[in-house]
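In: sequence and predicted structure below; questions after.
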Amino acid sequence: MTDPLPGNAPAPLAVTLGEPSGVGPDIVLMLKAAETARGAAAGTDVGAAPLPPLFVLADPAMLFARAERLGLLDRLSFTTIAAPEDAAAVPSNALAVLPLAHRQSEAPGTPQAENGAGTIEAIDRATAFALSKRAGAIVTGPIDKKALYDVGFRHPGHTEYLAELCAEAAATPLMPVMLLTGPELSCVPVTIHVPISAVPQMLSTALIVATCRIVAADYRRRLKVARPRLAVAGLNPHAGEKGAIGREDETVVRPAVEALRAEGIDVVGPLPADTMFHPPARARYDVAVCMYHDQALIPAKTLAFDATVNVTLGLPIIRTSPDHGTAADIAGSGKARPDSFRAAILLAARMARAEAAAASA
Ligand SMILES: NC(=O)C1=CN([C@@H]2O[C@H](COP(=O)(O)OP(=O)(O)OC[C@H]3O[C@@H](n4cnc5c(N)ncnc54)[C@H](O)[C@@H]3O)[C@@H](O)[C@H]2O)C=CC1
Ligand SMILES: NCC(=O)COP(=O)(O)O
C-alpha cells in the first residue's frame, strides 16, 4: 500500500471531517494520535502503516475541543497552515489544519444547523485543491445527509455533489460511480441514492453500460487491475428466472452485458444476486455491479464493515471515504473505530500515486 513511485510523489491528501457532531473528527484525531505514539515508540511495532502526508480542512477550535474531550491533547499537536503546500513542512507528530472561513461547533451527537456552511466549504475547497493538483486526492468524513438537506443542500450525497463540482470546473457533464471496496468484496451500485420504488424506471441498458465502462477504465488506470472482471447482478429474484419473475433482467440488463462483452470488457451476468456473494462466487470476479444501493452495500458492509472504503469513480479527481456514516450515537466517546477511515486514506494515497504514474507515462 505504501510503495513509493520515485519521481511521482503526489501532493498531500485533503481530508474533510464531514458532520462535526459525528465521528469524523474523532477518527482523524485518533489516527493522528496513534501516529504520534508510533513516533514516540520508535523501534516498536504499533501495528499499522504510516499515514501519508495530509491536511485537514476544519475549524481548529472545533478540532481542539474534540481532542480535549477525547483526552488526546497530550499525544497530539496542531499546526495551522495557509496552503496545501505548507503541509509538507509540518512535523509528523502534528496534525496540519487548514482553517475554514466558517466557524464550527462540536456538540457530539447533535447536528447543528450553523455547521452546514463549514461542512460544505470543506468539501468545496478540498475538491478545488484536488482539481488544481494541489491535493493528490480528497478523503471525506461522513456527512449527515438530512442535516445538510435541512439547510438547503440539494444533492443526495458527496458522490453526486462532487460530480457536479467537477463537471462545473470541466464544463462537461460527468457521471459519478460509487465503488465500495474491501479485502473480500468490491461492489458498485448502478443506481445510488434513490428510493427503491424509482429503481426499475431509472435502470437502463445505457446506464449499466456507462457504469461498467467507468468501472473498467478506473480499475485499469487507478487501481492497476489490467483486465478487471465484472459480474453484473440481476434486478429481480433469480435474475428474473428467464423473464418469469420480472422482465428487466432480459430486456435491460442482459443487453448491457452483451454490449460490454462486444467491446472487449470481461463481464458476466445478469447473475442471481442471492448466489453471487458466497466465497467461491466472489473468487470469479473483481467487482460486482449491482442494480441498487442496498444490493451492493449490504454484502460489502456485512463482510468487512471496518475495512471497506467508499470510492468515487468517473471523476477527474480521486475521492475516498470510510464506508460508515456519522455514528452520532458514539461521537465524542472514543468508541469509534478508525480502521475504515485509515483504509480510505491509504487507498487514496495509493490511487494518487497510480494516477501520477499514469499521467507521466
Ligand atoms: N459518506 C457519507 O457521508 C456517509 C454518510 N452517512 C450518513 O450517516 C448518518 C448515519 O447513518 P447510519 O445509517 O446510522 O450509519 P452509521 O454508519 O453512522 O452507523 C451505523 C452503526 O454503526 C456504528 N458505527 C458506524 N461507524 C462506526 C465506527 N467507525 N466505529 C464504530 N462503530 C461505528 C454506529 O455507532 C451505529 O451503531 C446518516 O445521516 C447518513 O446519511 C452514511 C453513510 C456514508
Ligand atoms: N451509504 C453510502 C453513502 O451514503 C455514501 O454517500 P456519499 O456521501 O459518499 O455519496
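Out: Great, that's in hand. Numbering: from 1, shown residues only. Ligands and ions are numbered 1, 2, ... in the order given.
In: ok, residue 274 touching residue 237?
Out: Yes. Counting by C-beta atoms under 8 Å, residue 274 does reach residue 237; the two are 7.4 Å apart. C-betas here are computed from N, CA, C, even on glycine.
In: elements contacting whichever strand or helix holds residue 356?
Out: Residue 356 is part of helix 339-360, with elements assigned from DSSP states H and E. Identification of packing neighbours for helix 339-360 by 3 or more C-beta pairs under 8 Å, 6 or more residues apart in numbering; DSSP states H and E yields strand 13-16, helix 24-40, strand 137-140, helix 205-222, strand 309-313, strand 319-322.
In: weakest of those by average pLDDT?
Out: Set side by side, the helices and strands packed on helix 339-360 give their lowest mean pLDDT on helix 24-40, at a mean of 86.
In: so how far is that one off the chain centroid?
Out: 20 Å (C-alpha atoms, centre = their mean, to the nearest Å).
In: can you pull the residues of the chain lying near ligand 1?
Out: Near ligand 1, the residues belonging to the chain are 18, 23, 142-146, 158, 310, 321, 324-327, 329-330, 336-337 when assessed by C-beta under 6 Å from any ligand atom.
In: please pick the buried ones from the residues you listed.
Out: A residue is treated as buried here by neighbour count (16 or more other C-beta atoms under 10 Å); on that basis the buried members of the residues of the chain next to ligand 1 are 18, 23, 142-145, 158, 310, 321, 324, 326-327, 330, 336-337.
In: among the residues you listed, which are in reach of ligand 2?
Out: Counting by C-beta under 6 Å from any ligand atom, the subset of these that neighbours ligand 2 consists of 143, 158, 310, 321.
In: report the two of those residues separated the most.
Out: The largest distance within these, taken as C-beta to C-beta, falls between 143 and 310 and amounts to 12.0 Å.
In: go through the buried ones among the residues of the chain next to ligand 1 and name the one nearest residue 279.
Out: For residue 279, the nearest member of those is residue 310. The distance, counting by C-beta to C-beta, is 22.8 Å.
In: ok, the closest one - contacts?
Out: 178, 179, 180, 320, 321, 322, 323, 344 (C-beta atoms under 8 Å, 6 or more residues apart in numbering).
In: repeat that with 10 Å
Out: Shown here is residue 310, whose contacts under the criterion C-beta atoms under 10 Å, 6 or more residues apart in numbering are 140, 142, 157-159, 178-181, 297, 300, 319-324, 340, 344, 347.
In: ok, back up a step: distance between the helix holding residue 356 and the chain's centre?
Out: The chain centroid and the centroid of helix 339-360 are separated by 11 Å under C-alpha atoms, centre = their mean.
In: tell me the angle of it relative to helix 205-222?
Out: Following axes from the mean of the first three to the mean of the last three C-alpha atoms, to 10 degrees, one obtains 80 degrees for the angle between helix 339-360 and helix 205-222.
In: isn't residue 138 right up against residue 161?
Out: No. Between residue 138 and residue 161 there is no contact, the gap being 11.8 Å when judged by C-beta atoms under 10 Å.
In: what touches both of those two?
Out: Contact criterion C-beta under 10 Å, 6+ apart; residues bridging residue 138 and residue 161 by contacting each: 123, 127.
In: ok, those two, which is more surrounded?
Out: When neighbours are counted by other C-beta atoms under 10 Å, residue 138 comes out ahead of the other of residue 138 and residue 161, with 30 against 20.
In: point out where this protein drops to low pLDDT.
Out: The model of the chain has pLDDT under 70 over residues 1-9, 38-48.
In: tell me the residue of it that sits nearest ligand 1?
Out: When distances are taken as C-beta to the nearest ligand atom, the chain reaches nearest to ligand 1 at residue 325, 2.2 Å away.
In: over to that residue. Which of the three states is it?
Out: Each residue gets one of three states, and residue 325 gets coil by DSSP: H, G, I helix; E, B strand; the rest coil.
In: list the contacts for it?
Out: Neighbours of residue 325 in contact, by C-beta under 10 Å, 6+ apart: 18, 19, 22, 23, 24, 142, 143, 144, 145.
In: also residue 238?
Out: For residue 238, the residues meeting the contact criterion (C-beta under 10 Å, 6+ apart) are 244, 245, 246, 249, 270, 271, 272, 273, 274, 275.
In: quick one: residue 284 and residue 268 touch, right?
Out: Yes. Between residue 284 and residue 268 a contact is recorded at 7.8 Å, counting by C-beta under 10 Å.
In: between these two, point out the one with more neighbours.
Out: The residue with more neighbours, out of residue 284 and residue 268, is residue 268; 15 against 11, by other C-beta under 10 Å.
In: any idea whether the more buried one is helix, strand or coil?
Out: Under the three-state scheme (three-state DSSP), the conformation of residue 268 reads as strand.
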